[in-house]
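Engineer: pasting a predicted model and its sequence here:
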Amino acid sequence: MTSTQPGTRPSAAAPDTPHTTGPRPRTGRVRFAVLGLLFAGITINYIDRATLSVALPHISEDFHISSTMSGLIMSAFFWTYAFGQMPGGWLADRVGPRVSLFFASLWWGVATALMSIARGTGMLVALRMVLGLGEAPSFPASAKVVAKWFPKGERSFASATFNNGNAVGGALSIPLVALVVAGVGWRAAFLVAGGLGVLWAFGWWLYYRDPERHKQLKKPEFDYIKAGQDAGEAPEQTAIRWRDLFRFRVMWAMMLGFFCVNFVAYFFITWFPSYLVETYHLSTLKFGFLGMVPGLASMVGGWCGGLVSDWLVRRGTPITKARKICLVGGLLGTSVIALAVISPSVGMALTALSASYFCSTFAAASVWSLPGDVAPTPGHVGSIAGIQNTAGNIAGIASPLLLGVLMGSNGSFTVPLMTAGCVALIGAATYAFLLPKVQPLRLDESRSRTVA
C-alpha cells in the first residue's frame, strides 16, 4: 500500500507549548526503521573518521611523527569538514537526504580506504581533508531526516539516536581497529572501515524515501508524524533567505554552544587513545577494551538526554525550558573532564571521563533537535543544521590542535583537560543566558534579536 499523499499540513500548537500529551498511539514503526538505518550510517561515519586515532600510535612509529604533527594530522579532517557544513546543509535542502547521504557515504568510504596507501604525513593530511569534505553533509542531512520523519515530542530521542552513532562508532572502532591493526597492520584497518561506508551507501539508496513517497508508510503513521509538526508555511517564513539566518540571535547562540560541546567531545575522538596509552602505559589490546568504557557511557547519555527532553515536552513543559534543562545541565556535567587530571589510577580517570562523555551526549540530543525546532520551514532545516555544525566543527579544528600544542609544551595532559572543562562551563552559560525562546524563526523577530 502506498503512503497517502500529503495535503494541507495539520495545524499545530504554538512552538513553546506542549505538542503531545498522554500515551502515544499505535501508529506503525516505519519511522524507527528509517532511524535505525540512519544510526547505522552515522556509526560507520565515525568508525571511518576514528580509525586514524586508534591506529595513530603505530603510524607514528612508521613515519616518526611528533605529538604536534599528530595533532595537525587529526585536525586536518576538520578543516574541510567545517568548511563543508554550510554547503552540505544547503545541498541537503536542495536535493534531499536520500541523494546527499548516498553520495556523501560513497565519498567518505573511498577516502578512508585510500588512506591504506599513505606513504607519509603529507598524504595523510591530504586524505584527511578529502574525508572531511565527504562527511560534511552527513549531520545536516540527518537532522533533516529527523525533522521530516518525527513529531516534536519524539524529535530529541530520534536526534539522540542518530547522534549516538558517533559514540557507538567511536567505541566500536577501538576494539575492532585495534584487533585488525594487531592482526594484519594499520593499512588493512582503513580498507575495512572504508568498505563499510560504501556498503551502507547502497543500502540507504535502496530503502530511504521521504514520508510522502515511502511505500511502507501507512496513513495512521503518516498522519501522526504530520500532526506533531509545525503548521504550514507562511509567506514571511518562505521569504527568509539563507543569509537572513545570521540575523537571528538564536543562530549565534546555537553556534557558540555547539562549539563548546564539540570542543570536549572531540577530545575523545582524537586525543583520548593517546592519553590513555601514554598516561597509564596500556598495551594496544588492553586499551582496546578499557577504552570502550567512556564510549559506552556516552551512548547511554545520548539516549537519556533524548528521552528526558521528549518526556518534558510531552508532559507539558514549554519546549524552550525542556531543551535548556538538558543543554545546560549536560554541559555542567561535561566539565568534570577536568577531574581526570587528579585521578591516581586508570579506573578513577575512566570514571571522570565516562561521566563527562555521558553528559556531553546528554546535551547533544537537544543540540540536534534545535534545527528542526527553530527552522521557519522544512526547507531550512538542513541549512540551519549545517550552520550550527560549522561552528561545532571549528572546535574540531581547534581542539586537537590546541590540546596537542598544550600537551607538547609541558609533556602532560593536565592543562589540556582543564582547558576542556572550562570550555564546557562556557557552553553551559551560552545556552542558559544567550539562547532565546526556541520557536520557528520570523523575519520581524530578527530586527529585535540581531547580533551586531
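Structural biologist: Right, received. Where do you want to start?
Engineer: residues contacting the residue nearest to the spatial centre of the chain?
Structural biologist: Centroid-nearest residue in the chain: Asn163, 4.7 Å away (criterion: Cα atoms, centre = their mean). With contact taken as Cβ atoms under 8 Å, 6 or more residues apart in numbering, Asn163 is in contact with Ile42, Phe139, Gly302, Thr361, Ala364, Ala365, Val367, Trp368. Any C-beta I mention is one placed from the backbone N, CA and C, and that applies to glycine too.
Engineer: remind me which helix or strand it belongs to.
Structural biologist: Of the helices and strands defined by DSSP states H and E, Asn163 is found in helix 152-184.
Engineer: distance from whichever strand or helix holds Leu131 to the middle of the chain?
Structural biologist: Under the criterion of DSSP H and E, Leu131 resides in helix 121-135. Taking Cα atoms, centre = their mean, to the nearest Å, one finds the center of helix 121-135 at 19 Å from the center of the full chain.
Engineer: pLDDT averaged over the next helix or strand after that helix - what is it?
Structural biologist: Remark: after helix 121-135, the chain's next helix or strand is helix 138-149, criterion DSSP H and E. Helix 138-149 carries an average pLDDT of 89.
Engineer: likewise for stretch 50-69?
Structural biologist: 76.
Engineer: which stretches in the stretch 251-400 of the chain count as helices?
Structural biologist: 272-280, 284-290, 292-314, 319-334, 346-367, 370-374, 381-410 (DSSP state H, counting those that start in this stretch).
Engineer: got the buried residues for the fifth one?
Structural biologist: Within helix 346-367, the residues scored as buried using 16 or more other Cβ atoms under 10 Å are 346, 349-367.
Engineer: who's in contact with the helix holding Leu131?
Structural biologist: 45, 48-49, 52, 59, 63, 65, 69, 72-74, 76-84, 104, 107-108, 110-112, 114-115, 117-118.
Engineer: and it, C-alpha only, in PDB?
Structural biologist: Provided in PDB are the C-alpha atoms of helix 121-135 (Å, rounded to 0.1, in the frame of the first residue of the first chain):
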ATOM      1  CA  THR A 121      52.400  12.800   6.600                       C
ATOM      2  CA  GLY A 122      51.600  14.900   3.600                       C
ATOM      3  CA  MET A 123      49.400  12.200   2.100                       C
ATOM      4  CA  LEU A 124      47.700  11.600   5.400                       C
ATOM      5  CA  VAL A 125      46.900  15.300   5.800                       C
ATOM      6  CA  ALA A 126      45.500  15.500   2.200                       C
ATOM      7  CA  LEU A 127      43.400  12.400   2.600                       C
ATOM      8  CA  ARG A 128      42.000  13.500   5.900                       C
ATOM      9  CA  MET A 129      40.900  16.700   4.200                       C
ATOM     10  CA  VAL A 130      39.200  14.800   1.400                       C
ATOM     11  CA  LEU A 131      37.500  12.600   4.100                       C
ATOM     12  CA  GLY A 132      36.200  15.700   5.900                       C
ATOM     13  CA  LEU A 133      34.700  17.100   2.800                       C
ATOM     14  CA  GLY A 134      32.900  13.900   2.100                       C
ATOM     15  CA  GLU A 135      31.500  13.500   5.600                       C
END
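Engineer: any buried residues in stretch 78-97, and which?
Structural biologist: Buried, per 16+ other Cβ under 10 Å, within stretch 78-97: 78-93, 96-97.
Engineer: let me redo that: stretch 286-296
Structural biologist: Phe287, Gly288, Leu290, Gly291, Met292, Val293, Pro294, Gly295.
Engineer: then stretch 429-439?
Structural biologist: Buried-residue list, stretch 429-439, by 16+ other Cβ under 10 Å: Thr430, Tyr431, Ala432, Leu435, Val438, Gln439.
Engineer: just those residues: which are in strands?
Structural biologist: Assigned to strands by DSSP state E, none of the buried residues of stretch 429-439 qualify.
Engineer: of those residues, closest to Leu331?
Structural biologist: Tyr431 (6.8 Å; Cβ to Cβ).
Engineer: circling back to that earlier point, the buried residues of stretch 78-97 in helices, which ones?
Structural biologist: 78-83, 85-93, 97 (DSSP state H).
Engineer: leaving out the residues flanking it, which one is nearest to Trp186?
Structural biologist: Ala55 (4.0 Å; Cβ to Cβ, 6 or more residues apart in numbering).
Engineer: how about the contacts made by the one you found?
Structural biologist: Applying Cβ under 8 Å, 6+ apart, the residues contacting Ala55 are Val177, Val181, Trp186, Ala189, Phe190.
Engineer: give me the element it is part of.
Structural biologist: helix 30-63.
Engineer: for that helix, buried residues please.
Structural biologist: For helix 30-63, using 16+ other Cβ under 10 Å, the buried residues are 30-35, 37-60, 63.
Engineer: for the helices of the stretch 251-400 of the chain, which one sits closest to Lys226?
Structural biologist: helix 370-374 (13.7 Å).
Engineer: tell me the buried residues in the closest one?
Structural biologist: Residues Leu370, Pro371, Gly372, Asp373, Val374 are the ones in helix 370-374 that count as buried (16+ other Cβ under 10 Å).
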